[in-house]
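Undergrad: how does the following fold in three dimensions:
(chains A, B, C and D)
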There are 2 protein chains.
Amino acid sequence: MGIAERRQRQRKDLRDKILKTAQRIVLKEGLAALTLRRVAEKIEYSPATLYLHFQNRDEILQELGRMGLEVLVGCLEESAGVDDPVARLGAMSRGYVRFAHEHAEAYRLIFMLDSATAEAVFHSHAVKAGEGDRAFRLIVEAFAALARARPEYASLDPAAAAEQLWIALHGIASLKISCGKFLPAPADALVDRAVATLLFGLRSRDTPAG
Amino acid sequence: MGIAERRQRQRKDLRDKILKTAQRIVLKEGLAALTLRRVAEKIEYSPATLYLHFQNRDEILQELGRMGLEVLVGCLEESAGVDDPVARLGAMSRGYVRFAHEHAEAYRLIFMLDSATAEAVFHSHAVKAGEGDRAFRLIVEAFAALARARPEYASLDPAAAAEQLWIALHGIASLKISCGKFLPAPADALVDRAVATLLFGLRSRDTPAG
DNA sequence: GTCTATAGGCTGATAGAC
DNA sequence: GTCTATCAGCCTATAGAC
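TA: Okay, the predicted model is just below:
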């Protein structure tokens, strides 16, 4: 059976090599620069060989998106252990936007292309298995913790709050990527301001300010 | 001189025809479907002719983006006359997101592609002449009016507030376009909620709630 | 079974005839 | 000013060598 195993191992190795090479190209020259021919050339195989591991170019992009999503979840989990809910939300928010900045092409792939690509990424196997909206649930949990810890947030809807935070974070992240010139302030400052305003705005409307 | 004028008129007519045709293709089948060959075929000229009116495909897209920007400014100006600052901000916000929904491809062109395209759109002649950030200034003015009208907003920074609103509106608009499935609530509801939370959060921090 | 070589049909862009 | 012809590049698919 060793032969079959070696074959499978070699097959996986080549697949990984394709993905790594594709990732490097996308990272260095952007999504548009990713062509099967260039990948094939770099790994010293013919273009047709790629079709034995992926159905087409889109499937490679899909897989890159899925890998990026894993990194994003990792970024958020890094801050998930912070005890104070407000500090945790701040840390996770900065982590989210920092991921978008450091992996701009992956972020664009996941959240800024047409619905088809986005849905394909989110519906690929590993994502469907539950790794997908883990990121969102981490934010929801942070808001739930906030609601438990502070009386002025007792009546807060954690899911709705998480959605609002996501909207703001995506606004910052995507504008920084596409229209950075029109959003000159540092990302961290924008994030902190957005989180502060959101938290202040989400307090129960009949709570005394302070 | 009549001959030269007719020539120039004919030249402009063809240019407009190219743009209108391109717009129709993009509107019906998306940005990716826009090819010079298809435009040429539809207007019954050879592909090479297009290069006499535009340097390349990107310049056509740039011009389409500029035209879209004009429509966006029009959408915002429609609501700019509303007296009550809060109502005005709500109306402008809904107008912004409605534009993004109704002209999704134009919105994507202006705000969701790479910096190069976005900057090209904003730096094209007509935009440079001042029609560019008029949209943003309309929002700033609305916040300035709010600050004058309501004491609890007296210390508000209109430009910073406008930036925060823009971030939220772009978050909603772009996620609706790219990841609509993960943002199932109606756009208007999301906008109203975002505006309400932002306005509540932007009040002076030592103002009694109410 | 795995891969090479190649063909077909797109694309943007350009040179040169008229 | 407009065309034909053409180049170089892309993705996709497949026949056939090994």
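Undergrad: got the buried residues for stretch A:193-209?
TA: Along stretch A:193-209, these residues count as buried under the neighbour rule (16 or more other CB atoms under 10 Å in any protein chain shown): A:Arg193, A:Ala194, A:Val195, A:Thr197, A:Leu198, A:Leu199, A:Phe200, A:Gly201, A:Leu202, A:Arg203. Where C-beta positions appear, they are placed from N, C-alpha and C, glycine not excepted.
Undergrad: could you export that stretch as CSV, CA atoms only?
TA: C-alpha atoms of stretch A:193-209 as CSV (Å, rounded to 0.1, in the frame of the first residue of the first chain):
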residue,chain,number,x,y,z
ARG,A,193,-13.3,55.8,16.6
ALA,A,194,-15.9,53.6,14.9
VAL,A,195,-15.9,51.2,17.8
ALA,A,196,-16.2,54.0,20.4
THR,A,197,-19.1,55.7,18.5
LEU,A,198,-20.9,52.4,18.0
LEU,A,199,-20.6,51.4,21.6
PHE,A,200,-21.7,54.8,22.8
GLY,A,201,-24.6,54.7,20.3
LEU,A,202,-25.7,51.2,21.3
ARG,A,203,-26.3,51.9,24.9
SER,A,204,-29.8,51.6,26.1
ARG,A,205,-31.5,54.9,25.0
ASP,A,206,-32.7,55.6,28.5
THR,A,207,-29.4,55.1,30.3
PRO,A,208,-27.9,58.3,31.8
ALA,A,209,-24.8,59.2,29.8
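Undergrad: in stretch A:49-56, what's buried?
TA: Under the neighbour-count criterion of 16+ other CB under 10 Å, stretch A:49-56 has A:Leu50, A:His53, A:Phe54 buried.
Undergrad: what residues does chain A put near DNA strand D?
TA: Counting by CB under 7 Å from any atom of the strand, chain A comes close to DNA strand D at A:Leu34, A:Thr35, A:Leu36, A:Arg37, A:Arg38, A:Pro47, A:Ala48, A:Tyr51, A:Gln55, A:Asn56, A:Arg57, A:Asp58.
Undergrad: quick one: secondary structure of whichever residue of chain A sits closest to chain B?
TA: For chain A, the residue closest to chain B is A:Gly201, as judged by CB to the nearest CB, at 2.6 Å. Secondary structure, DSSP: H, G, I helix; E, B strand; the rest coil: A:Gly201 is helix.
Undergrad: burial measure for the residue nearest to A:Tyr96 when sequence neighbours are not counted, as a count.
TA: Leaving aside its sequence neighbours, A:Tyr96 sits nearest to A:Leu169 (CB to CB, 6 or more residues apart in numbering or on different chains; 4.9 Å). As a burial measure, A:Leu169 scores 26 neighbours (other CB atoms under 10 Å in any protein chain shown).
Undergrad: quick check, A:Leu169 in contact with A:Ser93.
TA: Yes. Between A:Leu169 and A:Ser93 there is a contact under CB atoms under 8 Å: 5.7 Å.
Undergrad: okay, A:Val121: pLDDT?
TA: A:Val121 is assigned 74 on the pLDDT scale.
Undergrad: the one 10 residues further on now?
TA: Here, the pLDDT recorded for A:Glu131 equals 60.
Undergrad: again, but for A:Ala118
TA: Looking at A:Ala118, its pLDDT reads 71.
Undergrad: rewinding a little: farthest-separated two in the residues of chain A next to DNA strand D?
TA: Farthest pair in the residues of chain A next to DNA strand D (CB to CB) is A:Arg38 and A:Gln55. Separation: 18.4 Å.
Undergrad: which parts of chain A are helices?
TA: For chain A, the helices defined by DSSP state H occupy A:2-29, A:36-43, A:47-50, A:57-80, A:85-102, A:104-111, A:115-123, A:125-126, A:134-149, A:158-179, A:187-202.
Undergrad: burial measure for the closest residue to DNA strand C within chain A, as a count.
TA: Of all residues in chain A, A:Ala48 sits closest to DNA strand C, at 3.0 Å by CB to the nearest atom of the strand. A:Ala48 has 9 neighbouring residues, counting by other CB under 10 Å.
Undergrad: then A:Ala40?
TA: 17.
Undergrad: ok, now the one 4 residues further on?
TA: A:Glu44 has 8 neighbouring residues, counting by other CB under 10 Å.
Undergrad: repeat for A:Glu152
TA: 19.
Undergrad: let's see the pLDDT reported for it.
TA: Looking at A:Glu152, its pLDDT stands at 97.
Undergrad: ok, it touching A:Leu202?
TA: No. Using CB under 8 Å as the test, A:Glu152 is too far from A:Leu202 to be in contact (9.1 Å).
Undergrad: ends of stretch A:121-135, what's the gap?
TA: Terminal residues of stretch A:121-135 lie 14 Å apart, using CA to CA, to the nearest Å.
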